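Q: sequence first, then the predicted structure:
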Amino acid sequence: MTEPGRLETRGPVQQDTRAPQPPAPVEPGRPLTLRARWRRWRNARVASPAFQSWAAANPFTKRATRKDGERLFDLVAGFVHSQVLLSVVELDLLSELMEGPQTAAQIAQRHRIEPTRMEALLRAATALHLLERSEDGYQTARLGAAATGVPGLSDMIRHHAVFYRDLADPLALLRGEAETELATFWPYVFGAQGAVPPDVAARYSELMAESQGLVAEETLRAVRFGGIQRLMDVGGGTGAFLTAVGRARPEPNLVLFDLPEVAPGARARFEAAGLTSRVTIVPGSFRDDPLPLGADAVSLVRVLYDHGDDTVAHLLKAVHAALPPGGRLIVSEPMTGARAPERAGDVYFAFYCMAMRTGRARNPQEIAQLLHAAGFDDVKRRNTARPFVTSVVEARKPTQIGVQAA
């Protein structure tokens, strides 16, 4: 039995960290399980046009049939939905219509778009619950208002134009044949060695910092920072996470370890937050440089999924070496589902990492096994209120050599 929140692993584990392989096809002549036979029968019925026509008219099945049809249509139309969202963001309609309704003609004139086309966009945004109709025109809906309150969301939506181009030929992406734009947008991931142009590092850091607010909020809710004397954030960019920790917790001294190119932005952020006296910035690359000693806790926030398994194994061993006995490691990032795939990790982040051509989203059990292989124990998953934003796993360096999780 494991403690509540403890991940079911026995370590240390020598993990095969290759991407999960699909299950082997059923061998010819191998008997199907009862469940598999039932699914085969069900699929044959549901795939029949005659059955679908009957089910759509039957009072006992028509609601489920309609729901399935709507879900299928949403999958087919999903790209159009995302482009409507992008158009609304590019025109800043959610902010413009926050205070009160405006007519389609007014909005069309302001943005130099033909009125009937603007009406089409406004109706589409209303159907997607971003806007809502009123007697005088259109106004921001509750979902649209919520979107304006998510830090960095608008910039991430604009950035998705790159991602969409990389997905134009999804089979080429899956086969590793595509030269993706995201792989050149994030050269930072591949290790700088002094080669990252300052403007690229600044663009990366700004986008990541803007979207870091919710991640920091969820992590601070999930993790108890009491007792930490010195927290080192590895790969922390311009210090958005450490700034959030510093504002929420007055106790720990803070250390930022990241590439030299992001240090000026970090200094400016810490100075604006009044944290300069508590923060030490150590420039370096965890690929090439040893991690500083002296921290009793290390955070890796949206770092592991940016990198392949070999790099992650190297990093975790470096963190283990830098921590004292009993030191804590906090991993916070998007994760996939374990047995049950999830939309955020197994769809969005899985394909985003694929387009970056490095790293992958992992499930908590895979991360736990990597942590055990690096020498950590007491690995626990901390629940977050919004797992589509981030998930959290904690671990400790054993206080005695050879002590591992039971």
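A: That came through fine.
Q: contacts and neighbour counts: CA atoms only from here.
A: Fine.
Q: any idea which helix or strand carries Ala55?
A: helix 49-57 (DSSP states H and E).
Q: other residues contacting the helix or strand hosting Val215?
A: According to DSSP H and E, Val215 maps onto helix 212-222. Residues from elsewhere that reach helix 212-222 (Cα atoms under 8 Å, 6 or more residues apart in numbering): 150-152, 240-241, 244-245, 332-333, 382-386, 389-392.
Q: what residues sit buried inside it?
A: Gln212, Gly213, Leu214, Val215, Ala216, Glu217, Glu218, Thr219, Leu220, Ala222 (16 or more other Cα atoms under 10 Å).
Q: and which of these is nearest to Thr33?
A: Closest to Thr33 out of these is Ala222 (40.8 Å), distances taken as Cα to Cα.
Q: so how far is the helix holding Val215 off the chain centroid?
A: Helix 212-222 has its C-alpha centroid displaced from the chain centroid by 12 Å (Cα atoms, centre = their mean, to the nearest Å).
Q: what of stretch 386-399?
A: The answer for stretch 386-399 is 14 Å, by Cα atoms, centre = their mean.
Q: report the buried residues of that stretch.
A: For stretch 386-399, the neighbour count (16+ other Cα under 10 Å) marks Pro387, Phe388, Val389, Thr390, Ser391, Val392, Val393, Glu394, Ala395, Arg396, Lys397, Pro398 as buried.
Q: now swap in stretch 119-137 and tell me
A: By neighbour count on 16+ other Cα under 10 Å, the buried set for stretch 119-137 is 119, 121-126, 128, 130-133, 137.
Q: could you do stretch 106-114 as well?
A: Of all the residues in stretch 106-114, those buried under the rule 16+ other Cα under 10 Å are Ile107, Ala108.
Q: that stretch: how far from the chain's middle?
A: 35 Å.
Q: that's a strand at Tyr139, yeah?
A: Quick fix: residue 139 reads Gln, not Tyr. Yes - looking at Gln139 with DSSP: H, G, I helix; E, B strand; the rest coil, it is inside a strand.
Q: just to check, Val379 is in contact with Val393?
A: Yes - with contact defined as Cα atoms under 8 Å, Val379 reaches Val393; the gap is 7.0 Å.
Q: which regions of the stretch 151-300 of the chain sit below the pLDDT cut-off?
A: The stretch 151-300 of the chain contains residues with pLDDT under 70 at 186-206, 209.
Q: thinking again about what came up before, just put the buried residues of stretch 386-399 in JSON lines and tack on pLDDT, secondary structure and distance to Met156.
A: Listed next are the buried residues of stretch 386-399 as JSON lines, based on pLDDT from 0 to 100; DSSP: H, G, I helix; E, B strand; the rest coil; distance: Cα to Cα, whole Å:
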{"residue": "Pro387", "pLDDT": "90", "secondary structure": "coil", "distance to Met156": "18"}
{"residue": "Phe388", "pLDDT": "89", "secondary structure": "coil", "distance to Met156": "15"}
{"residue": "Val389", "pLDDT": "90", "secondary structure": "coil", "distance to Met156": "13"}
{"residue": "Thr390", "pLDDT": "93", "secondary structure": "coil", "distance to Met156": "16"}
{"residue": "Ser391", "pLDDT": "95", "secondary structure": "strand", "distance to Met156": "20"}
{"residue": "Val392", "pLDDT": "97", "secondary structure": "strand", "distance to Met156": "22"}
{"residue": "Val393", "pLDDT": "97", "secondary structure": "strand", "distance to Met156": "25"}
{"residue": "Glu394", "pLDDT": "98", "secondary structure": "strand", "distance to Met156": "28"}
{"residue": "Ala395", "pLDDT": "97", "secondary structure": "strand", "distance to Met156": "31"}
{"residue": "Arg396", "pLDDT": "97", "secondary structure": "strand", "distance to Met156": "34"}
{"residue": "Lys397", "pLDDT": "97", "secondary structure": "coil", "distance to Met156": "36"}
{"residue": "Pro398", "pLDDT": "95", "secondary structure": "coil", "distance to Met156": "39"}
